[in-house]
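Peer 1: predicted model and sequence follow; I will ask about them next.
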Amino acid sequence: SSPFSNLSVIPLDPHYALKELFNADHDPKKVILGSGVYRDDNSKPWVLPSVKKAEELVDQAQDSARYEYLPITGYAPFYNAARDLLFGPFDEKAVHVVSLHTISGTGANHLGARFLSDALRPSSVWLSDPSWVNHANIWGLVGVTVKLYPYWNREKRVLDFEKMIEKLETEAATGDVIVLHACAHNPTGVDPTKEQWKRIAEVCEKRALFPFFDCAYQGFATGDLDEDAWAVRHFVERGTLEIAVAQSFSKNMGLYGERVGAFHLVTASPDSAAKAKGHLTRLQRGQISQPPTRGSKLATTILTNPRLFQEWLADLREMSSRIKNMRKALYEELLSLGTPGTWDHIVSQIGMFSYTGLSPEQVATVQTDNHVYILKSGRISVAGLNTKNVKHVAEGIDAAVR
Ligand code: PLP
């Protein structure tokens, strides 16, 4: 008999399970608000106009080396431009950054988790409760104990900030890693304020916690690249902390399947940076040898060509403002229906997602009665809403909560 028959059964990832149910539904009114992917007002994927122009430029170059292997650390013009976008100008004498081009944000999270688990041997990693589902999966795969810090206050539908701080101050051990969402927290859409970020940094200093930022939505949250990088830059500017960042261009450039991302480690000394670079390069060699080329060339073209960069900013504003408009539309539909409960959080949350506060039972009712597919947690991907389906979704939510 096969030894694999002794394996436990792993349930399908909730996003993919929801997608399968949606695909099997043939009702014309069906709507899916599951995965974090941008859709236009016709529910179609949107290739950013700036990306289309970058494609032309990359293709025109007809570079004979275009299918060659990249170095192990990836395409240097890409990870340098990505670093500058994230950190802005920084003091290169005081701050030493090691950057590697990765298989998008997931690859950067995994490379970082593996590296930090080897280098720091943390007793635990602290994730927000809740967090992007893959965080616990990734840290579990590298064998680090996952612990949760309070984040979402279910009753009040706000950040549970004091509880978060208290937990970290009393229970996190020296050298533990804390994963922080740089902006547009997934799944809640609730971010700390600047004052709260400063207190989180203080706790990291006081307890010697290692902050690992996950930055998957720069420019997508507010439409402003600098504003969305504020927390990361603040942690660096304090000059007291070493940090890591996993950076993704899936959402802000709509390059999901191209897998474009970077891992950055900010260290206090050139010696640490050089040693860390060696270890990260060895890990990357063992995991993927070298990252893929095309997506990173598209991103580099946008980041380094001033005209395309401006066009990209306009594309970012288009995506973030459509999402904001959809938040407002859903909120207004619910108000006009007189739906019981408060719904202000739908407009105050930012980024791609909204944690609606719907219970698993209510989610099931909206699915069965209205063919609206939402994750059990009640999280909706606001990008799945459009001017044609928002009323239908609001009516479904209204009926389910009554
Ligand atoms: N981190 C967070 C918080 C995310 O929401 C996502 C995507 O949904 C990712 C990382 C990684 O995405 P990708 O691997 O496509 O960059």
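Peer 2: All right, it came through fine. These numbers come from a predicted model, not from an experiment. Numbers count the residues shown, from 1 in each chain.

Peer 1: how about the helices in the stretch 1-150 of the chain?
Peer 2: Using DSSP state H, counting those that start in this stretch, the helices of the stretch 1-150 of the chain run over 14-24, 49-61, 76-87, 104-120, 133-141.

Peer 1: for these, could you give me a markdown table that also reports mean neighbour count?
Peer 2: Any C-beta I mention is one placed from the backbone N, CA and C, and that applies to glycine too. As requested, the helices of the stretch 1-150 of the chain are exported to a markdown table (neighbours: other CB atoms under 10 Å):
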| stretch | mean neighbour count |
| --- | --- |
| helix 14-24 | 14 |
| helix 49-61 | 16 |
| helix 76-87 | 21 |
| helix 104-120 | 22 |
| helix 133-141 | 18 |
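
Peer 1: closest to the ligand out of the ones you listed?
Peer 2: In terms of CB to the nearest ligand atom, the element of these nearest to the ligand is helix 104-120, at 2.8 Å.

Peer 1: what sits against the nearest residue to Ala136 once chain neighbours are set aside?
Peer 2: Computed as CB to CB, 6 or more residues apart in numbering, the closest residue to Ala136 that is not its neighbour in sequence is Val146, at 5.0 Å. Contacts for Val146 were tallied using CB atoms under 8 Å, 6 or more residues apart in numbering; they are Ser124, Val125, Leu127, His135, Ala136, Trp139, Gly140.

Peer 1: could I get the pLDDT score of Val146?
Peer 2: Confidence at Val146, expressed as pLDDT, is 98.

Peer 1: picking that back up, to Glu227, which of the helices of the stretch 1-150 of the chain lies closest?
Peer 2: Checking the helices of the stretch 1-150 of the chain against Glu227 by CB to CB gives helix 76-87 as the closest, at 12.9 Å.

Peer 1: check whether the closest one contacts the ligand.
Peer 2: No. Shown here: helix 76-87 not in contact with the ligand (CB under 6 Å from any ligand atom), separated by at least 12.2 Å.

Peer 1: against which helices or strands is that helix packed?
Peer 2: strand 96-103, helix 230-237, strand 243-248, strand 260-267, helix 294-304 (3 or more CB pairs under 8 Å, 6 or more residues apart in numbering; DSSP states H and E).

Peer 1: got the helices of the stretch 1-150 of the chain as JSON lines, with mean pLDDT columns?
Peer 2: Listed next are these as JSON lines, based on pLDDT from 0 to 100:
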{"stretch": "helix 14-24", "mean pLDDT": "92"}
{"stretch": "helix 49-61", "mean pLDDT": "95"}
{"stretch": "helix 76-87", "mean pLDDT": "97"}
{"stretch": "helix 104-120", "mean pLDDT": "98"}
{"stretch": "helix 133-141", "mean pLDDT": "96"}
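
Peer 1: need the helices and strands packed on helix 76-87 in a markdown table with mean neighbour count, can you?
Peer 2: A markdown table is the format used below for the helices and strands packed on helix 76-87 (neighbours: other CB under 10 Å):
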| stretch | mean neighbour count |
| --- | --- |
| strand 96-103 | 25 |
| helix 230-237 | 20 |
| strand 243-248 | 26 |
| strand 260-267 | 27 |
| helix 294-304 | 23 |
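
Peer 1: Leu116: which of those is closest?
Peer 2: strand 243-248 (6.6 Å).

Peer 1: burial measure for the residue lying closest to Pro292 once chain neighbours are set aside, as a count.
Peer 2: Once flanking residues are discounted, Pro292 sits nearest to Arg259: 6.4 Å by CB to CB, 6+ apart. Here the number of neighbours of Arg259 (other CB atoms under 10 Å) works out to 20.

Peer 1: quick check: phi and psi on Arg259?
Peer 2: The phi/psi pair for Arg259 (degrees, to the nearest 10) reads phi 60, psi 70.

Peer 1: same question, Leu159
Peer 2: The phi/psi pair for Leu159 (degrees, to the nearest 10) reads phi -70, psi 130.

Peer 1: many thanks, have a good one.
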